[in-house]
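Visitor: Output the structure for:
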Amino acid sequence: MDSRLISTQEKFNSIGLETARMNSADGALLVLPSQGRVIGLWPNCDHDSALWTNQDFHADAVWPNPGGDRIWMAPEREFFIEDLENVDETYKVPSVLDPGCYSFRAAENAVVMENAGCIQALQSGVPVNFKLTRSITPLLDGEIDLIDRSGLVRASGYREQTIIEVDENCPIAVGFWNIIQVPQNGQVMLLHSPDGEYISFFGDPGGAVNRAENGSFMVDFGASASFKIGFTVHGVAGTVAYIRECGDGNSTLLIRGFPVDPDAGYVDTPFTCPESEGSVFQLYFGGRINPFGELEYHSPAVGGDSGRSRYAGDCFVRAFEGPTREIDRIFAQMRSAGIS
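Guide: Below is the predicted model of the structure:
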């Protein structure tokens, strides 16, 4: 499907959704302010987005998912599942989170998007008042060139600050959940120490998960079966990369850097194990069910017994596109040196 910048912008504008283009280095990003999303990132605006964008988006769908980079709230078992014994039949995306009711404004070369509301914790039976704020700032060329790339490789990216706020007396611990959707048929590398294993949430990744020489996890997003796995803070380095061939001898490389606090609590656990240690990072692969994969990081907890009601986290996303041999070289450089 055509996910070039102009085509994507025209698609969403044609159904009455305003978009905001922000130029970055060699390319651009496209923000969908009314839904609090970055829906596309282009190192080369004449080629497809490095993020998965839903070209079949319909606002009246059961879950109106335009794709791109979004913010939800965790724990998933509290806000998305009514009956833990019947997950498939009772899983529902709460509209207060997605699409939400975002206000937005421009500020110092950034787009600031805010969503405030009250969401019901289904397992605990309590309401949670929240406010989510996303500030998206495009990266300049000098901010992207943190790795060696030739003149054949184009780049773009953005920096984000995400803030979650809850009431001082919020009865349960919650966190924000940042999710990037990517096209299938690529490979994930999560920088990780040699110690530690992943946690299975659902599905069986089988041979899709392997370890590199330095301990990093290599995960194939080209299988047929869907799965989700998570990683606790122990050993996670705060950098994930996704490499994918995009045709005509070219490849894309998406790099996300995210904060990891080994002293904080994280709230998202497998649905039936609420007392286990929460994940700071997760990978979802849609297989034949959903035509995308997801790179997901979580904030430390706020509310409940966390000791705080507000958390601000900074992350970045950088995308590169160029000849496959050059992108492979950059990826190998990351793999051996642990570049973040």
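
Visitor: Give the buried residues for stretch 250-264.
Guide: The neighbour-count check on stretch 250-264 (16 or more other CB atoms under 10 Å) flags Asn250, Ser251, Thr252, Leu253, Leu254, Ile255, Arg256, Gly257, Phe258, Pro259, Val260, Ala264 as buried. In short, each C-beta sits where N, CA and C put it, glycine included.

Visitor: chain center to it: distance?
Guide: Computed by CA atoms, centre = their mean, to the nearest Å, the separation of stretch 250-264 from the middle of its chain amounts to 9 Å.

Visitor: all numbers from here: first residue = 59
Guide: With 59 as the first residue, the last one maps to stretch 308-322.

Visitor: For it, give the mean pLDDT please.
Guide: Mean pLDDT, stretch 308-322: 96.

Visitor: for it, how far is the first residue from the last?
Guide: Stretch 308-322 has an end-to-end distance of 40 Å (criterion: CA to CA, to the nearest Å).

Visitor: How about stretch 200-220?
Guide: 23 Å.

Visitor: what does stretch 279-292 give?
Guide: So stretch 279-292: terminal residues 24 Å apart, CA to CA.

Visitor: could the buried residues of stretch 308-322 be laid out in JSON lines, adding secondary structure and distance to Ala266?
Guide: Converted to JSON lines, the buried residues of stretch 308-322 look like this (DSSP: H, G, I helix; E, B strand; the rest coil; distance: CB to CB, whole Å):
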{"residue": "Asn308", "secondary structure": "strand", "distance to Ala266": "24"}
{"residue": "Ser309", "secondary structure": "strand", "distance to Ala266": "19"}
{"residue": "Thr310", "secondary structure": "strand", "distance to Ala266": "20"}
{"residue": "Leu311", "secondary structure": "strand", "distance to Ala266": "19"}
{"residue": "Leu312", "secondary structure": "strand", "distance to Ala266": "18"}
{"residue": "Ile313", "secondary structure": "strand", "distance to Ala266": "21"}
{"residue": "Arg314", "secondary structure": "strand", "distance to Ala266": "19"}
{"residue": "Gly315", "secondary structure": "strand", "distance to Ala266": "24"}
{"residue": "Phe316", "secondary structure": "coil", "distance to Ala266": "22"}
{"residue": "Pro317", "secondary structure": "coil", "distance to Ala266": "27"}
{"residue": "Val318", "secondary structure": "coil", "distance to Ala266": "23"}
{"residue": "Ala322", "secondary structure": "coil", "distance to Ala266": "29"}
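
Visitor: Turn those into a markdown table, including distance to Ile64.
Guide: Shown next, in a markdown table, are the buried residues of stretch 308-322 (distance: CB to CB, whole Å):
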| residue | distance to Ile64 |
| --- | --- |
| Asn308 | 19 |
| Ser309 | 22 |
| Thr310 | 18 |
| Leu311 | 23 |
| Leu312 | 21 |
| Ile313 | 25 |
| Arg314 | 25 |
| Gly315 | 29 |
| Phe316 | 30 |
| Pro317 | 34 |
| Val318 | 37 |
| Ala322 | 42 |
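
Visitor: List just the nearest of those residues to Ile230.
Guide: Nearest to Ile230 among the buried residues of stretch 308-322, counting by CB to CB, is Ala322 at 16.0 Å.

Visitor: Helices along the protein, start to end?
Guide: Taking DSSP state H, the helices of the chain run over residues 63-72, 134-137, 145-148, 199-202, 382-395.

Visitor: lowest-pLDDT helix or strand in the chain?
Guide: In the chain, no helix or strand scores lower on mean pLDDT, DSSP states H and E than helix 199-202, which sits at a mean of 83.

Visitor: If you count neighbours, what's buried in it?
Guide: Neighbour counts over helix 199-202 (16+ other CB under 10 Å) mark Glu201, Ile202 as buried.

Visitor: likewise stretch 353-364?
Guide: For stretch 353-364, the neighbour count (16+ other CB under 10 Å) marks Leu353, Glu354, Tyr355, His356, Ser357, Pro358, Ala359, Val360, Gly361, Gly362, Ser364 as buried.

Visitor: got the CA coordinates for stretch 225-237 in PDB?
Guide: Extracted C-alpha coordinates of stretch 225-237, given in PDB (Å, rounded to 0.1, in the frame of the first residue of the first chain):
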ATOM      1  CA  ASP A 225      -4.600  12.300  41.400                       C
ATOM      2  CA  GLU A 226      -2.500  12.300  44.600                       C
ATOM      3  CA  ASN A 227      -4.800   9.600  46.000                       C
ATOM      4  CA  CYS A 228      -5.000   7.500  42.900                       C
ATOM      5  CA  PRO A 229      -5.900   4.000  44.300                       C
ATOM      6  CA  ILE A 230      -3.900   1.900  41.900                       C
ATOM      7  CA  ALA A 231      -0.400   2.100  40.300                       C
ATOM      8  CA  VAL A 232      -0.600   2.900  36.600                       C
ATOM      9  CA  GLY A 233       1.800   4.000  33.800                       C
ATOM     10  CA  PHE A 234       1.900   5.300  30.300                       C
ATOM     11  CA  TRP A 235       2.500   2.800  27.500                       C
ATOM     12  CA  ASN A 236       4.200   4.100  24.300                       C
ATOM     13  CA  ILE A 237       3.600   1.900  21.200                       C
END
